[in-house]
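Engineer: coords please:
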Amino acid sequence: MKYIIIGLGNYGHVLAEELSALGHEIIGADISESRVDSIKDKVATAFVIDATDEQSLSVLPLNSVDIVVVAIGENFGASVRVVALLKQKKVPRIFARAIDAVHKAVLEAFSLEKILTPEEDAARSLVQLLDFGATMEAFRIDQDYYVVKFTVPKKFVGYFVNELNMDEEFHLKLIALKRANKVTNCLGISLMERHVKNELPGDEKVEEGDELVCYGKYRDFQSFWKAI
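Structural biologist: As a prediction, this is how the structure comes out:
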């Protein structure tokens, strides 16, 4: 895919570098020459432009890429103006970074395809890590809903699946269970191999080391973590 990333600060730089490493064609743009210099060898091309200037913005091939990402964060006015110019130029797919609730609320008025909240997501991830431990992974579906995979707490071990009552007690839907089995490879080395059990009969017992995959609201996961 082809992306234009406007704003090559810490967030935009990492985004451009990682997407480029995955094989995507990245065009970067920033008002800072030093920021452009630091990324130009890692992406397809990069421009030193003031994206808040309509004429300068027209240098970019806005309508021949898949997505334009406005990664400007700290400069609220620049972020909003660039988004407004992109909408004026009828760019179909725009992602924009918001650094706080006010910024997000203003961007929502433009009906963008996606508003990115990396600071909020990073803070939540850290809270999850500190509060629940490193044996948990979360994938955000939208503002409220997540899919979370976590190692079963010790107090769950030995219970039948239908005894967990996650839906009734915490409003969390149990999607799958991952179980590790010991296997031996061609060299005779014992390894732990995990497989997913999508079908969960009620008489399936939870074993130590199992991982549960659940879907639900973030606040319900918070209640669950506090309860266990």
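Engineer: What distance do you get for C214 to S223?
Structural biologist: Separation of C214 from S223 (Cβ to Cβ, to the nearest Å) stands at 12 Å. (Each C-beta comes from the backbone N, C-alpha and C, glycine too.)
Engineer: what's the answer for I26, then?
Structural biologist: Distance from I26 to S223, counting by Cβ to Cβ: 41 Å.
Engineer: What of D30?
Structural biologist: As for D30, its distance to S223 is 43 Å (criterion: Cβ to Cβ).
Engineer: Name the residue in those two with the higher neighbour count.
Structural biologist: Shown here are D30 and S223; by other Cβ atoms under 10 Å, D30 has more neighbours (27 against 15).
Engineer: Now do the same contact list for the more buried one.
Structural biologist: I6, G7, L8, G9, G12, V36, A46, F47, V48, I49 (Cβ atoms under 8 Å, 6 or more residues apart in numbering).
Engineer: so what's the backbone phi/psi at it?
Structural biologist: phi -160, psi 150 (degrees, to the nearest 10).
Engineer: The protein: helices as residue ranges?
Structural biologist: Secondary structure of the chain (DSSP state H): helices located at 10-21, 33-39, 54-57, 76-88, 101-108, 118-132, 166-170, 218-227.
Engineer: Show me the shaky parts of the chain.
Structural biologist: 124, 126-135, 181-195, 197-198, 200-202 (pLDDT under 70).
Engineer: 80 instead?
Structural biologist: Within the chain, the stretches with pLDDT under 80 are 120-136, 138, 140, 142-143, 180-204, 226, 228.
Engineer: ok, back up a step: please identify which of the contacts of D30 is nearest to V157.
Structural biologist: Set against V157, the nearest of these by Cβ to Cβ is G12 (44.9 Å).
Engineer: separation between the closest residue in space to the closest one that isn't next to it in sequence and L177?
Structural biologist: Of all residues not flanking G12 in the chain, A71 sits nearest, at 3.3 Å (Cβ to Cβ, 6 or more residues apart in numbering). A71 sits at a distance of 38 Å from L177 (criterion: Cβ to Cβ).
Engineer: Got a ChimeraX select line for the buried ones in the contacts of D30?
Structural biologist: Remark: buried members of these, expressed as a ChimeraX selection using 16 or more other Cβ atoms under 10 Å:
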select :6,7,8,9,12,36,46,47,48,49
